[in-house]
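**Q** predicted model and sequence below, questions to follow.
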Amino acid sequence: MIRARRARIVATLGPASREAGKIRELAQAGADVFRVNFSHGSHADHARAIQSVRKAEAAVGRPLAVLADLQGPKLRLGEFADGVIRLKAGQSLRLDLKAAAGDAARIGVPHPEVFAALRSGAVVLLDDGKVRLRVTKHGPDFADTIVEAGEQLSNHKGLNLPGLAIPIPALTEKDRKDLAFALDQGVDWVALSFVQRASDMAELRRLVQGRAGVLAKIEKPAALEVLDEILDLSEAIMVARGDLGVELAPEDVPVVQKQLVRAARLRGIPVIVATQMLESMTKSPTPTRAEASDVAGAVYEGADALMLSAESAVGDYPIEAVSIMDRIITRVEHDPRWPELMRAEYPVEDADADALVAAARRAAEAASTACLAAFTTTGQTALRLSRERPLQPTLALTPSLNTARRLALAWGVEPRIVPELFDPEDLARVAVEQAVATELAPPGQRVLILAGLPMGSPGAANILRLAHTPRR
């Protein structure tokens, strides 16, 4: 199965989609990467879902990736005596560390780090910003606030402190247990939530030890201030517009999205744009026109992948959501102006890129070139080609199943498993065989081959060859 598009689709698994048959349908509809969200569900649920992805992979005949998304230190309220409270603008409301059930006068917040970060005049947002409080007085175990907006709160709603760095590690004890489980299950990518500093990613890398790709979810404004340092330690990033949108002004979110997509593209690491892309399809069989434009905008920016969350995890129309996202991406990539607009988001000089890879991309612009073939052990050669955004598909030919699965996230890359090669004379033969088998190269068309010598050793590509598929 070959995708007729370059941008990839990440589908979140959940009660609506985690069964084996449904996952196979999602893959056939266009999903390339399957997100397992450790904020919900049990290890048994996730194990079954991951096994179902592997079965779907065998059924559809293309590598599929599994992304384990760790919950991170999500700050939540305690419980209320009646399960819910009513609020009025202007009323007083105390936050404290007490375990007793809350009411309309006080709420338990079981996070001492929150009170350590607060200051007078700070804003506290609850339930994704639906309730807004202003701090008037605070101490190490309490904060007195005034309700500025909001009418209702229920148990365990989320809490955000916009503009404040919270002294809390990105990896909780739960995350560490979930991570060990996910790695034992053989996931391909691990996403760390609420990254605030480079040390968060350094700790994740230390624990993962190369067993999966590491991805930073950018959803805290504090991360933007040290973005370069975080990118230095990340193999991919996610523009997580949910919590990021709560803590930033609405008008800032699209600007930050562009900044993050561009920063990742300059680094040559995959970037996922996520959250509420087709949100209405959780309950509707069709998206709004604004949502279709949102998806299209991310494609024009050159994002590697676009993600579905509730739409595929708990929605009524998970297959339709993937199918419609696939159609929107494909339509945009057939726009004659798409290459120009997509490349305008990547203003980099050739001197900053791998010279041989840049040369391959320019050579591929010849009309007779059908596809590129990158022989790769670790995936780096294919990622370098993906960074250049060639309009022809890139066959990533690797003996490593783990590498092939990780590359399922990369823009324009079609990963395939081939035997390990040691003779340079085999390069053209295998590349042509794969180009023909995948129908990426018609008879008599040119295949550009990128590889490194000595064969079988990880390292930068150092040879560029031409081959032609046989004429009928």
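**A** Received, thanks. Residues are numbered from 1 along each chain as shown.
**Q** looks like G242 contacts T275 (just checking).
**A** Yes: with contact defined as CB atoms under 8 Å, G242 reaches T275; the gap is 4.2 Å. Where C-beta positions appear, they are placed from N, C-alpha and C, glycine not excepted.
**Q** list residues touching both of the two?
**A** S309 (CB atoms under 8 Å, 6 or more residues apart in numbering).
**Q** more crowded one of those two?
**A** Just comparing G242 and T275: by other CB atoms under 10 Å the higher neighbour count belongs to T275, 19 against 14.
**Q** got a list of what the more buried one touches?
**A** 240-242, 245, 307, 309.
**Q** give me every residue that touches the residue most central in space within the chain.
**A** Centroid check for the chain by CA atoms, centre = their mean gives I272 as the closest residue, at 3.7 Å. By CB under 8 Å, 6+ apart, the residues touching I272 are 10, 215, 236-239, 303-307, 409.
**Q** take those and keep only those in strands.
**A** Judged by DSSP state E, the contacts of I272 include 10, 215, 236-239, 305-307 as members of strands.
**Q** what's the closest of those to T398?
**A** For the ones in strands among the contacts of I272, the residue nearest T398 by CB to CB is A236; the value is 17.7 Å.
**Q** is it true that the closest one touches L215?
**A** Yes: taking contacts as CB under 8 Å, A236 lies within contact range of L215: 4.2 Å.
**Q** which neighbours do these two have in common?
**A** Shared contacts of A236 and L215, defined by CB under 8 Å, 6+ apart, comprise 189, 272.
**Q** picking that back up, in a markdown table: the ones in strands among the contacts of I272, plus distance to K137.
**A** Output for these, formatted as a markdown table (distance: CB to CB, whole Å):
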| residue | distance to K137 |
| --- | --- |
| V10 | 44 |
| L215 | 40 |
| A236 | 43 |
| I237 | 38 |
| M238 | 37 |
| V239 | 36 |
| A305 | 45 |
| L306 | 44 |
| M307 | 41 |
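**Q** can you tell me which of these has the most neighbours?
**A** With neighbours taken as other CB under 10 Å, the top of these is M238, carrying 31 neighbours.
**Q** wait, isn't it in contact with A191?
**A** Yes: the criterion here is CB under 8 Å, and M238 meets it with A191 at 6.2 Å.
**Q** between these two, what contacts are shared?
**A** 215-217.
**Q** just the helices in the stretch 301-450 of the chain please.
**A** Listed in chain order, the helices found in the stretch 301-450 of the chain under DSSP state H, counting those that start in this stretch are 310-313, 318-333, 338-344, 355-363, 380-387, 401-406, 426-437.
**Q** which residues are contacting the third one?
**A** Meaning helix 338-344. Identification of contacts with helix 338-344 by CB under 8 Å, 6+ apart yields 299-302, 332, 389, 391.
**Q** in it, which residues are buried?
**A** 338, 342 (16 or more other CB atoms under 10 Å).
**Q** ok so, going back, looking at the helices of the stretch 301-450 of the chain, which is nearest to L26?
**A** Of all those, helix 318-333 sits nearest to L26, with 5.4 Å by CB to CB.
**Q** what are the C-alpha coordinates of the closest one, in CSV please?
**A** Output of helix 318-333 as CSV, limited to C-alpha atoms (Å, rounded to 0.1, in the frame of the first residue of the first chain):
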residue,chain,number,x,y,z
PRO,A,318,-13.2,7.5,13.3
ILE,A,319,-12.8,5.9,9.8
GLU,A,320,-14.5,8.9,8.2
ALA,A,321,-12.3,11.3,10.1
VAL,A,322,-9.1,9.6,8.8
SER,A,323,-10.5,9.3,5.3
ILE,A,324,-11.5,13.0,5.1
MET,A,325,-8.1,14.1,6.5
ASP,A,326,-6.5,12.0,3.8
ARG,A,327,-8.6,13.6,1.1
ILE,A,328,-7.9,17.1,2.3
ILE,A,329,-4.1,16.5,2.4
THR,A,330,-4.2,14.9,-1.1
ARG,A,331,-6.2,17.8,-2.5
VAL,A,332,-3.8,20.4,-1.2
GLU,A,333,-0.8,18.5,-2.5
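**Q** quick one: it to chain centroid distance?
**A** Between the centre of helix 318-333 and the centre of its chain there are 17 Å (CA atoms, centre = their mean, to the nearest Å).
**Q** what helices or strands is it leaning on?
**A** If you count contacts as 3 or more CB pairs under 8 Å, 6 or more residues apart in numbering; DSSP states H and E, helix 318-333 packs onto strand 8-13, helix 20-29, helix 289-301, strand 305-308, helix 310-313.
**Q** who's in contact with the third one?
**A** Outside of helix 289-301, the residues that reach it under the criterion CB under 8 Å, 6+ apart are 7, 257-258, 261-262, 273, 276-281, 287, 306, 324-325, 328-329, 331-333, 338, 341-342, 345.
**Q** buried members of those residues into ChimeraX, please.
**A** A single ChimeraX command selects the buried members of those (16+ other CB under 10 Å):
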select :7,257,261,262,273,276,277,278,279,280,281,287,306,324,325,328,329,332,333,338,342,345
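**Q** pull the most distant pair out of the contacts of T275.
**A** Spatial extent of those (CB to CB) is set by the pair G245 and M307 at 14.4 Å.
**Q** roughly how far apart are I166 and A149?
**A** Distance, I166 to A149, using CB to CB, to the nearest Å: 22 Å.
**Q** quick check: domain ranges of the protein?
**A** What automatic domain parsing lists as the domains of the chain is 8-73+170-335, 84-160, 350-468.
**Q** so for I2, which of those sits nearest?
**A** Among those, the nearest to I2 by CB to CB is domain 350-468 (5.5 Å).
**Q** distance from the chain centre to that closest one, please.
**A** 24 Å.
**Q** mind putting the helices and strands packed on helix 318-333 into TSV with mean pLDDT and distance to D128?
**A** Putting the helices and strands packed on helix 318-333 into TSV (pLDDT from 0 to 100; distance: least, CB to CB, whole Å) gives the following:
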stretch	mean pLDDT	distance to D128
strand 8-13	98	17
helix 20-29	96	26
helix 289-301	97	18
strand 305-308	98	18
helix 310-313	96	13
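**Q** residues near the closest residue to V322 other than its chain neighbours, how many?
**A** Excluding its sequence neighbours, the residue lying closest to V322 (CB to CB, 6 or more residues apart in numbering) is A29, at 4.2 Å. Neighbours of A29 under the rule other CB under 10 Å: 20.
**Q** next: the one 5 residues further on.
**A** With neighbours defined by other CB under 10 Å, the count for F34 comes to 29.
**Q** phi and psi next, for it.
**A** Torsion angles at F34 (phi, psi; degrees, to the nearest 10) stand at phi -120, psi 120.
**Q** helices and strands around the lowest-mean-pLDDT helix or strand in the chain, which ones?
**A** Between all helices and strands in the chain, the lowest mean by mean pLDDT, DSSP states H and E belongs to helix 355-363, at a mean of 85. Other helices and strands packing on helix 355-363, by 3+ CB pairs under 8 Å, 6+ apart, are helix 380-387, strand 446-451, strand 463-468.
**Q** re the thing from before, mean confidence for whatever helix or strand the residue nearest to the centre of the chain lives in?
**A** Element membership for I272 (DSSP states H and E) is strand 271-274. Strand 271-274 shows an average pLDDT of 98 in the prediction.
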